[in-house]
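*Asks:* I would like the atomic coordinates for the input below:
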Amino acid sequence: MEPARQLRVAEDFVRRFAAALRGAQLYTPGHPLVTRALAALADSTAQLLADQPSVAMGLVGHEIVVGEVPLPRAAENYGELMRRLKRLGIERIAFDRGVTPDELTTLTLTLSHPERVVGQSAPGAAPSEAFDTLNRLVHIRVGRIKVDERIDTSAADIAAIRRLYVEASAVAEEVWEAAKNEGAPDPRQARTLIEQLSQAVAQNRTALLALTALKEYDNYTFTHMVNVSILTMAQARALGIDGTLLREFGLAGLMHDIGKVRTPAEILRKPDRLTEDEMSVMRRHVVDGAEILRRTPEIPSIAPVVAFEHHLRADGTGYPVGVSRAKLNLATMLCSIADVYDAMRSQRAYQGSLPTERILEVMRRADGHQFDQHLVRRFTQLLGIYPPGNLVQLDDGAIAVVLQVHAPDPHRPRVRVIMDGKRRRLTTPVDINLFEEPADPTRARRIVAPLDPAEFGIDPLGYL
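*Replies:* Below you'll find the predicted structure:
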């Protein structure tokens, strides 16, 4: 779509949305003015989504941005709409293709009179019951401002990203427990989590990928769910996948192991190698996972496919035994890479963690028989041999934190030197691009080894 037409369509949508809200505030839901305004909003939304599967309208400072289009003079033209959304604690509303007039009506009437959801006056921020109503909409997602701990992934705010990650692990645990105790995960909870993570992947991928390397053995199951989701979405986005499909890939990654809720705990937690009988029970989780997800409403169809296929390999090995595919689904292949990588770098009771270089060597060793080597190369370029947030030693003895991957040469990232060759903390850290030839021949040229931050009492994320 041409930029000028994009702007016209975006402005028409926001104008119709503001008019529908204003009409719903002034008149009863069945009033002809409200009915006409909602019909016009539905037509405008269809135009907005004609060329793209998903579009978000967000408040950014004193601007309204639709997709990637900022509206001129937003505060002047749509000030009433902006003030209302801010009062309700809303900063973003995403619309997916397939949104129905009924969903738009529910959104408009709920935002215009949130107190009617609970039958009482509720000035100020919308009651949680109103957001519960909005969360049930399949093709509309409302992003809320968290007054106490707002997650602003548009800023390089490591503390906020860390909070998001910790919250995500807690939600993953709740999703797991619901599947275990009730037979199915809560799809709304999962979708809300994926919405937050997908925004973070898009806006501060480096910090989020760095956090996936921080592991606690006691919480492995839930951090692994979150990590595989993040790593799957990061790969998908690097391949140009975005919007609804990106979130579906992320949700499939989150749920890939959900069948293990039916695996006996003594097998899941066994510190020694499993017997062949125990392995047969363990392998059952791919079938159980697909079954659970197929029976769960609002779960995208790709999720049970990934749950079933993620242990199949390109050469026909893996399990379920006897199942073969001419070609694996792309979401399955991305999830499998993320799953194996995260499992191999994790410290668990029966397995020590491996450095990234060793893991990628193992993944390349099969020469395309187990993993698509094009995707493994892309994964290496995405994460680097030494991913962001890693503490490393340079060839001049200095200690540094990896800041950013250099895709053409993943061995030579950009780093921040925090200690000199004699292990003395620098007052002012120094940034170095290892992929550039140094003018000073004594300056560091390469990384010689990864280091354990705990041995130095360092939090590498504080230096990103």
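
*Asks:* might you list the low-confidence residue ranges for the stretch 101-250 of the chain?
*Replies:* Applying pLDDT under 70 to the stretch 101-250 of the chain flags the ranges 115-128, 144-157, 214-218.

*Asks:* the residue lying closest to residue 55 once chain neighbours are set aside: neighbour count?
*Replies:* Distance criterion CB to CB, 6 or more residues apart in numbering; nearest residue to residue 55, sequence neighbours excluded, is residue 67 at 4.8 Å. C-beta coordinates here come from the backbone N, C-alpha and C atoms, glycine included. Per other CB atoms under 10 Å, the neighbour tally for residue 67 reads 18.

*Asks:* buried set for stretch 427-437?
*Replies:* Neighbour counts using 16 or more other CB atoms under 10 Å place 432, 434, 435 of stretch 427-437 among the buried residues.

*Asks:* now stretch 249-268
*Replies:* Quick answer for stretch 249-268 (16+ other CB under 10 Å): 249-263, 267.

*Asks:* residue 394 and residue 412, how far apart?
*Replies:* Distance of residue 394 to residue 412, computed by CB to CB, to the nearest Å: 11 Å.

*Asks:* joint contacts of the two?
*Replies:* 434, 446, 447 (CB atoms under 8 Å, 6 or more residues apart in numbering).

*Asks:* SS state for the nearest residue to the last one once chain neighbours are set aside?
*Replies:* Looking back up the chat, that one is residue 447. Sequence neighbours aside, residue 392 is the residue nearest to residue 447 in space, at 4.6 Å (criterion: CB to CB, 6+ apart). Classification of residue 392 using DSSP: H, G, I helix; E, B strand; the rest coil returns strand.

*Asks:* ok, the one 4 residues further on next?
*Replies:* Under the three-state scheme (three-state DSSP), residue 396 adopts coil.

*Asks:* quick check: phi and psi at it.
*Replies:* phi -100, psi 10 (degrees, to the nearest 10).

*Asks:* repeat for residue 250
*Replies:* phi -70, psi -40.

*Asks:* measure it to residue 432 for me?
*Replies:* Taking CB to CB as the measure, residue 250 falls 34 Å from residue 432.

*Asks:* again, but for residue 462
*Replies:* Computed as CB to CB, the residue 462 to residue 432 distance reads 18 Å.

*Asks:* do residue 224 as well
*Replies:* The gap separating residue 224 from residue 432 is 33 Å, by CB to CB.

*Asks:* do residue 140 as well
*Replies:* Between residue 140 and residue 432 the computed distance is 46 Å (CB to CB).

*Asks:* C-terminal to whichever helix or strand residue 252 is part of, what's the next element?
*Replies:* Using DSSP states H and E, residue 252 falls within helix 243-254. Tracing the chain past helix 243-254, the next element assigned as helix or strand by DSSP H and E is helix 265-268.

*Asks:* quick one: list the elements packing against that following helix.
*Replies:* Applying 3 or more CB pairs under 8 Å, 6 or more residues apart in numbering; DSSP states H and E, one finds that helix 265-268 makes contact with helix 276-283.

*Asks:* mind listing what's buried in the helix it packs on?
*Replies:* 278, 282, 283.

*Asks:* which one of those residues sits closest to residue 39?
*Replies:* Among the buried residues of helix 276-283, residue 283 lies closest to residue 39 (CB to CB), at 53.4 Å.

*Asks:* and stretch 294-310, which residues are buried?
*Replies:* Of the residues in stretch 294-310, 296, 299, 300, 302, 303, 304, 305, 306, 307, 308, 309, 310 count as buried by neighbour count, 16+ other CB under 10 Å.

*Asks:* ignore what I typed, I meant stretch 417-430.
*Replies:* 417, 418, 419.

*Asks:* ok, which stretches of this protein are strands?
*Replies:* For the chain, applying DSSP state E gives strands covering 54-60, 63-66, 69-70, 90-96, 140-144, 391-394, 399-404, 414-419, 425-433, 447-451.

*Asks:* please work out which of these is packed deepest.
*Replies:* Sort the strands of the chain by mean neighbour count, taking mean count of other CB atoms under 10 Å, and strand 399-404 sits at the top with a mean of 23.

*Asks:* alpha carbons only: can I get it in CSV?
*Replies:* Coordinates of each C-alpha in strand 399-404 appear next as CSV, following Å, rounded to 0.1, in the frame of the first residue of the first chain:
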residue,chain,number,x,y,z
ILE,A,399,37.0,-9.5,30.7
ALA,A,400,34.0,-8.3,28.6
VAL,A,401,30.3,-8.6,28.2
VAL,A,402,28.9,-9.5,24.7
LEU,A,403,26.7,-6.7,23.6
GLN,A,404,25.7,-7.5,20.0
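
*Asks:* each with direction, which strands does that strand pair with?
*Replies:* Paired strands of strand 399-404, with direction, are strand 391-394 (antiparallel), strand 414-419 (antiparallel) (DSSP bridges).

*Asks:* how far off centre is the first one?
*Replies:* Right, strand 391-394. When C-alpha coordinates are averaged (CA atoms, centre = their mean, to the nearest Å), strand 391-394 and its chain have centres 28 Å apart.

*Asks:* what does the longest one give?
*Replies:* Centroid displacement of strand 414-419 relative to its chain, using CA atoms, centre = their mean, is 28 Å.
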